[in-house]
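1. Provide a 3D model corresponding to the input given below.
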Amino acid sequence: QVQLKESGGGLVQAGGSLRVSCVVSGSTVSTYSFGWYRQAPGKQRELVAVKSSGGYTNYTDSVKGRFAISVDNAKKTVYLQMNSLKPGDTAVYYCNKVWESPTEDGGTYYRPVWSWGPGTQVTVSA
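-> Residues are numbered from 1 along each chain as shown. The predicted model follows:
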């Protein structure tokens, strides 16, 4: 059974940095695509970063240039480096394996595959 365990969140001032981690147990990671999601209070969970098995990365506009996703295959860990944090980044952060499928308008839809882990809380103070 695959399990996801996120960690590394915390309280940080605006402009600061954090790196959150997600350890994957029960599965390999090297042949899969992974994404980081976040869910702020009262809002839907949103995908913020994706790294494909081929190394391609994609980010939602609000975090481009500030966040970086990476995968350590040996440690079976997915990372999200977050720099220049803003209060709007406050949320619970989750990782998951994602399946990619093309959309009619030529884009890509990413679907989370596994059961969610507990997430890790990131709070950015003004």
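
2. all strands for this structure, in order.
-> 3-7, 10-13, 18-25, 33-39, 46-51, 57-59, 67-72, 77-82, 91-102, 108-112, 120-125 (DSSP state E).

3. can you list the ones you listed in JSON lines and add mean neighbour count and mean pLDDT?
-> Bear in mind the C-beta positions are built from the backbone N, C-alpha and C, glycine included. Formatted as JSON lines, these follow (neighbours: other CB atoms under 10 Å; pLDDT from 0 to 100):
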{"stretch": "strand 3-7", "mean neighbour count": "17", "mean pLDDT": "98"}
{"stretch": "strand 10-13", "mean neighbour count": "13", "mean pLDDT": "98"}
{"stretch": "strand 18-25", "mean neighbour count": "18", "mean pLDDT": "98"}
{"stretch": "strand 33-39", "mean neighbour count": "22", "mean pLDDT": "98"}
{"stretch": "strand 46-51", "mean neighbour count": "20", "mean pLDDT": "98"}
{"stretch": "strand 57-59", "mean neighbour count": "16", "mean pLDDT": "96"}
{"stretch": "strand 67-72", "mean neighbour count": "17", "mean pLDDT": "97"}
{"stretch": "strand 77-82", "mean neighbour count": "22", "mean pLDDT": "98"}
{"stretch": "strand 91-102", "mean neighbour count": "19", "mean pLDDT": "96"}
{"stretch": "strand 108-112", "mean neighbour count": "15", "mean pLDDT": "93"}
{"stretch": "strand 120-125", "mean neighbour count": "17", "mean pLDDT": "98"}
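
4. isn't Thr77 up against Ser25?
-> No. Using CB atoms under 8 Å, Thr77 makes no contact with Ser25, being 10.3 Å away.

5. now what about stretch 38-53, what contacts it?
-> Applying CB atoms under 8 Å, 6 or more residues apart in numbering, the contact partners of stretch 38-53 are 30-37, 56-60, 62-63, 67-71, 78, 80, 89-94, 98, 100, 110, 119, 122.

6. report the beta-bridge partners for the closest residue to Pro118 other than its chain neighbours.
-> Leaving aside its chain neighbours, Pro118 sits nearest to Glu6 (6.6 Å; criterion: CB to CB, 6 or more residues apart in numbering). Judged by DSSP bridges, the bridge partners of Glu6 are Cys22.
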